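[1] 3D model of this:
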Amino acid sequence: MTDYRTLDQITVEYFTQHPEEIDEFLQETFADYAQDGDSATLLSALRIIARVKGISTMAEEVGMTRQGLQKALSAKGNPRLDNINAIMRAMGYQLMPHRVENASL
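    The predicted model follows:
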């Protein structure tokens with residue numbers, strides 16, 4: 001029986017070998033999320049980068065259990081903003097507002 005790898009596994013392997021491309025990946029992911037609001041895709045991207053950085057290490061830095069972090073970043077996860085902020089900081093990023101052109105206040 002052939003043991004096939006999932007797309008997530010291949011993506012984790014890619015970013016492990018090419019960490020310099022994580023910044024652009026996250027920027028594009030957040031830009032897409034700002035346009036379409038697809039939280040499942042955003043959480044999937046964060047889950048991939050968490051795996052690259054190490055789920056256990058990330059969970060410890062965030063102050064969550066490994067299972068709690070995996071659940072928060074699952075497709076059905078609904079993490080609180082403070083959890084997302086902590087996860088982003090553990091990845092070496094911060095959430096920052098970006099003005100949308102032609103947006104009214």
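
[2] From Tyr33, how far off is Asn102?
    In this view, Asn102 and Tyr33 are 19 Å apart by C-beta to C-beta, to the nearest Å. No exception for glycine: its C-beta is placed from N, CA and C like everyone else's.

[3] Between the two, tell me which one has more neighbours.
    Tyr33 (15 against 5; other C-beta atoms under 10 Å).

[4] Excluding its own residues, what touches the helix or strand hosting that one? List them.
    In the assignment (DSSP states H and E), Tyr33 maps to helix 22-36. Helix 22-36 has contacts (C-beta atoms under 8 Å, 6 or more residues apart in numbering) with 15, 38-39, 41-42, 45, 49, 52, 91, 93, 98, 100.

[5] name the helices or strands packed onto the helix or strand following that helix?
    Per DSSP H and E, the first helix or strand lying C-terminal to helix 22-36 is helix 39-53. Judged by 3 or more C-beta pairs under 8 Å, 6 or more residues apart in numbering; DSSP states H and E, the packing partners of helix 39-53 are helix 7-17, helix 22-36, helix 66-72, helix 81-90.

[6] Thr16 and Gly54 touch, don't they?
    No - with contact defined as C-beta atoms under 8 Å, Thr16 does not reach Gly54; the gap is 10.2 Å.

[7] hmm, back to that, gap between the helix holding Tyr33 and the chain center?
    Put simply, helix 22-36 sits 10 Å off its chain's centre (C-alpha atoms, centre = their mean, to the nearest Å).

[8] so that helix versus helix 7-17, what angle?
    Angle, helix 22-36 to helix 7-17, by axes from the mean of the first three to the mean of the last three C-alpha atoms, to 10 degrees: 140 degrees.

[9] Could I get the buried residue list for helix 22-36?
    Neighbour-count burial for helix 22-36, counted by 16 or more other C-beta atoms under 10 Å, picks out 22, 25-26, 29-30.
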